[in-house]
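[1] Pasted the sequence and its predicted model underneath.
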Amino acid sequence: MRFLSLCNLLAVTLLLMTFSLGRTPSSFCVLTVAVPALDIPLPVQMVLAYGWQVRMSEYAIGQAWWTLGGWGITFLVEAERYHELQEAVPKEWQQVKWGVLTVRQARWLATQELQRWQREPMVWLVWQARTFAIGQPLLVSDQTLQVRLDEVEAAHTRLVRREPLLLLSPSSSRCEFTVLSRNPMPLPSPRRPLRISFRREFRHPDSQRAHALWWLVTDSDQVVAWVLGEWLGGGTGARWFQLLRGDQPLAYHALAQVQLTPLGTELSLYSASMPSHLPVVQQRARALWTDLLNGRISADELERAKRLAELRYHQLIADPLKAHQAVACWLMAGKPAKAWQQLPERFRTLQLSAVKSFCRTLPSAAELVMRP
């Protein structure tokens, strides 16, 4: 199992050496398999994704990823071997019987991933918010070790009835996407509406700081949500950073994040502060969310956020692996591929009145706190 991780590391190192020796990135292709999976528990999703990574390792380097409402594998493969990968993916999709050894390897890799999330408080709180919002049990770091072979096979059996979303970039140096699936699997509706407005507390005995997250997801206009994410936390001049790290610093970390998911756009604020400062941090966060819900954003602030959103878009598509994940989430959410290419223009033409109208539709944010 450790040998597999070392092999993946060696393969990535060899690819980087290839680039440094003069081989251009255009000689590589990027292929993503994306799966909407609301009815599959996250630990099973993680074992499925890593099982794919293990079984497809002879064809390409795979990077597993998960988000609210889906998961996927993004493969990087040499151009001359792309057709091998394209032929192998449909066959693997239909292969339900994996065997005990594959599932053991996948469980071990998934457990490492969960433990990595737990060591990163913002990531851990985001995933706790996601699992609670869709009605699944809260995460613990050894959950994936309890996933059984029959659970994996049962989940895979349900999935093979439909075709996954297959997304191809023929060149890793250009942001061009081709959807290979004829009838990709639709995103099922949640069994219950997302639970957004809630408060949860956790213990973090390994930290002397209090970690807090304010989180919401909206399935309305993702363009406006993206811009508002930059208004909240785009750089050191943004509102959240100035509130916590300005003249009177209250937190070691003051971060904001906007994330595309199949179920909508996530907006979140994160802070890491001394426990004595937590009440003030909470007060300022709640006040900032109130400003957002009431649309208290000026024309100048909006123009800055629009420029940052466009810059973030171009930064995202410059990374082929991250771009594939974002486009896959965009398509799984039911958005047309053409609309993705039009995002920069939409950012530039966004009107303040549309932003204020959008803000009035937002739900209240959830609040999650980890205390030492």
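    Now that the structure is in, tell me what you want to look at.
[2] Is residue 215 part of a helix or strand, or is it coil?
    Under DSSP: H, G, I helix; E, B strand; the rest coil, residue 215 falls in the strand class.
[3] gap between it and residue 196?
    8 Å (Cβ to Cβ, to the nearest Å). Heads up, the C-betas are built off the backbone N, CA and C, glycines and all.
[4] Looking at those two now, which is surrounded by more residues?
    Set side by side, residue 215 and residue 196 show more neighbours around residue 215, with 23 against 17, by other Cβ atoms under 10 Å.
[5] Distance from the helix or strand harbouring residue 86 to the middle of the chain?
    Taking DSSP states H and E as the criterion, residue 86 maps to helix 82-94. With Cα atoms, centre = their mean, to the nearest Å as the basis, helix 82-94 stands 25 Å off its chain's centre.
[6] list the helices and strands it packs on?
    With contacts taken as 3 or more Cβ pairs under 8 Å, 6 or more residues apart in numbering; DSSP states H and E, helix 82-94 sits against strand 28-36.
[7] what residues are up against the residue nearest to the spatial centre of the chain?
    Nearest to the mean C-alpha position of the chain, by Cα atoms, centre = their mean, lies residue 67 at 4.4 Å. By Cβ atoms under 8 Å, 6 or more residues apart in numbering, the contact list for residue 67 reads 259, 261-262, 325, 329.
[8] Who is it paired with across the strands?
    residue 70 (DSSP bridges).
[9] quick one: it and residue 88, what's the gap?
    Distance from residue 67 to residue 88, by Cβ to Cβ: 24 Å.
[10] can you pull the buried residues of stretch 344-363?
    Under the neighbour-count criterion of 16 or more other Cβ atoms under 10 Å, stretch 344-363 has 346-347, 350, 355, 358-359, 362 buried.
[11] what's the answer for stretch 61-73, then?
    Using 16+ other Cβ under 10 Å as the test for burial, stretch 61-73 gives 61-73.
[12] Now it: average pLDDT?
    What stretch 61-73 shows for mean pLDDT is 94.
[13] so how far is residue 265 from residue 67?
    For residue 67, the distance to residue 265 - Cβ to Cβ - is 11 Å.
[14] and for the two, which residues touch both?
    By Cβ under 8 Å, 6+ apart, the residues touching both residue 67 and residue 265 are residue 259.
[15] Just give me the neighbour total for residue 158.
    Neighbours of residue 158 under the rule other Cβ under 10 Å: 12.
[16] Repeat that for residue 89.
    20.
[17] My read is that it contacts residue 33, right?
    Yes - judged on Cβ atoms under 8 Å, residue 89 makes contact with residue 33 at a distance of 6.2 Å.
[18] what do the two both touch?
    Common contacts of residue 89 and residue 33 (Cβ under 8 Å, 6+ apart): residue 166.
[19] Roughly how far does the residue nearest to the centre of the chain sit from residue 45?
    Counting by Cβ to Cβ, the gap from residue 67 to residue 45 is 10 Å.
[20] Can you give me every residue that contacts residue 330?
    222, 260, 339-340.
[21] Need these in a markdown table (columns: secondary structure).
    Shown next, in a markdown table, are those (three-state DSSP):
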| residue | secondary structure |
| --- | --- |
| 222 | helix |
| 260 | strand |
| 339 | helix |
| 340 | helix |
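[22] Most widely separated two among these?
    Spatial extent of the contacts of residue 330 (Cβ to Cβ) is set by the pair 260 and 339 at 12.2 Å.
[23] Neighbour count: the two, which is higher?
    residue 260 (24 against 13).
[24] Which residue is the nearest non-sequential neighbour of that one?
    The shortest distance from residue 260 to any non-neighbouring residue, by Cβ to Cβ, 6 or more residues apart in numbering, is to residue 329 (4.5 Å).
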